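**Q** Whatever this is, show me its structure:
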Amino acid sequence: MNGKIALEEHFITADFDQPSVNLPGARVKEVYRRLLEVDAERLEGMDRSGIDFALLSLNMPGIQGEVDPRVAVGRSVAVNNELARVVARNSHRYAGFAAVAMQDPPAAADELSRCVTDLGFKGAMIHGYSNIGDSATGEYLDEEKCLPFWERAESLGVPVYLHPRNPLSSQMRIYEGHPELMAAVWAFTVETATHALRLITSGLFDTFPKLNIILGHMGETLPFAIWRVDHAFGMGRGGKELKKPLAEYLSDNFFITTAGNFSTPALLATLAVVGSDRVMFSVDYPWESMDEGAKWFDAAPLSDEDRLKIGRTNAEKLFGLADAS
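**A** Residues are numbered from 1 along each chain as shown. Below you'll find the model as predicted:
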């Protein structure tokens with residue numbers, strides 16, 4: 001399929017550190033090079049893979065890894081200005097997700113407004129919890145201090161992409177002696193799925209019913225687990241009362257992308273749970289291959305109507321990209 005839109009595609013600026021992940025050094029060095037490259041090579045890969053348009057976002061852990069709130073705010077502005085320059089060079093091929101400093105939610109709300117209204121960005125990407133004071137301390141997005149940001153996101157009508165990062169060091173005991181299970185192998189999924197459930201069970205979507213969250217990697221296992229989560233929650237609820245079953249929030253307030261999960265059974269199961277209007281194509285470049293992701297998606301057993309929706313028109317509607325090339 002030509003004309004695809006991809007929306008979990010990362011970049012980095014030269015003043016951000018090389019990614020720290022459990023991968024061979026040569027692989028990390030190559031990924032880092034590709035994170036910095038946003039012109040000819042990336043565009044050629046998009047052309048080869050039938051990807052017309054990409055939404056770019058700062059690589060994990062982004063601004064969330066900055067421990068000083070004032071520094072985080074300044075860095076978010078600088079990153080977004082740099083991304084705006086990247087987009088301006090190829091505005092018919094790129095748009096941006098804002099990097100926001102959730103260490104200071106009112107400032108993050110204001111920066112999101114600036115990015116959407118002045119720079120033309122299409123939402124924000126937040127890399128899980130935000131460090132405060134030191135790397136061992138984090139704050140999650142369902143905490144009360146974050147409400148001004150969520151109010152602004154809903155009022156602007158833009159989604160927030162919840163992207164993984166490794167858990168806090170105090171929560172890594174279960175991985176002790178098994179570093180191979182960190183990052184994208186498993187820890188990312190557990191961390192992000194739990195974070196998304198915190199958002200749901202906090203009542204965030206009862207307060208802001210038009211708010212949309214995007215989850216990558218085929219929903220971080222939630223489409224496959226939500227029945228049991230919902231069922232067990234309904235038996236106890238922990239004293240919490242929500243307006244709807246948990247599964248309805250997943251279908252009503254979340255979009256799910258194929259980024260980094262090129263599995264046909266997973267795609268079909270996700271579609272069965274949330275429907276084809278809530279799933280969108282993505283790659284997770286440069287951590288994943290555009291060629292591999294596009295080849296898999298183009299051959300997936302989908303109707304022509306669903307392939308077009310997932311590959312392009314759902315993103316057009318959500319982000320206002322009707323004029324994407």
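**Q** which stretches of the stretch 1-150 of the chain form strands?
**A** Applying DSSP state E, counting those that start in this stretch to the stretch 1-150 of the chain gives strands spanning 4-11, 51-58, 94-96, 98-99, 124-126, 130-132, 134-139.
**Q** Please name whichever of those is nearest to Glu180.
**A** Glu180 lies closest to strand 134-139 among these, at 21.8 Å (Cβ to Cβ). (Glycine included, C-beta is placed from N, CA and C.)
**Q** buried stuff in the closest one?
**A** Neighbour-count burial for strand 134-139, counted by 16 or more other Cβ atoms under 10 Å, picks out 138-139.
**Q** Pull the residues that contact it.
**A** Residues outside strand 134-139 that contact it (Cβ atoms under 8 Å, 6 or more residues apart in numbering) are 65, 67, 102-103, 128-132, 145-146, 168-170.
**Q** CA atoms only for the worst-scoring helix or strand of the chain on mean pLDDT, dumped as PDB, please.
**A** Sorted by mean pLDDT, DSSP states H and E, the helices and strands of the chain end with helix 25-36, the least confident at a mean of 90. The C-alpha coordinates for helix 25-36 follow below in PDB (Å, rounded to 0.1, in the frame of the first residue of the first chain):
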ATOM      1  CA  GLY A  25      27.100  -1.400  20.800                       C
ATOM      2  CA  ALA A  26      27.300  -1.400  17.000                       C
ATOM      3  CA  ARG A  27      23.500  -1.600  16.800                       C
ATOM      4  CA  VAL A  28      23.000   1.300  19.200                       C
ATOM      5  CA  LYS A  29      25.600   3.400  17.400                       C
ATOM      6  CA  GLU A  30      23.700   2.800  14.100                       C
ATOM      7  CA  VAL A  31      20.300   3.600  15.700                       C
ATOM      8  CA  TYR A  32      21.800   6.800  17.200                       C
ATOM      9  CA  ARG A  33      23.100   7.800  13.700                       C
ATOM     10  CA  ARG A  34      19.700   7.300  12.200                       C
ATOM     11  CA  LEU A  35      18.000   9.200  15.000                       C
ATOM     12  CA  LEU A  36      20.100  12.200  14.100                       C
END
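**Q** Strand 51-58 and that one, what's the angle between them?
**A** Per axes from the mean of the first three to the mean of the last three Cα atoms, to 10 degrees, the angle that helix 25-36 makes with strand 51-58 is 100 degrees.
**Q** what inclination does helix 25-36 have with respect to strand 4-11?
**A** Helix 25-36 runs at 110 degrees relative to strand 4-11, counting by the same axes, to 10 degrees.
**Q** what packs against helix 25-36?
**A** Helix 25-36 sits against strand 4-11, with contacts defined as 3 or more Cβ pairs under 8 Å, 6 or more residues apart in numbering; DSSP states H and E.
**Q** Output the strand it packs on as CSV, nothing but the C-alphas.
**A** What follows is strand 4-11 as a C-alpha-only set of coordinates in CSV (Å, rounded to 0.1, in the frame of the first residue of the first chain):
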residue,chain,number,x,y,z
LYS,A,4,0.8,5.2,4.4
ILE,A,5,1.1,7.5,7.4
ALA,A,6,3.4,6.5,10.3
LEU,A,7,3.4,8.2,13.7
GLU,A,8,5.8,6.6,16.1
GLU,A,9,9.0,7.7,14.3
HIS,A,10,11.7,9.1,16.4
PHE,A,11,14.5,11.7,16.2
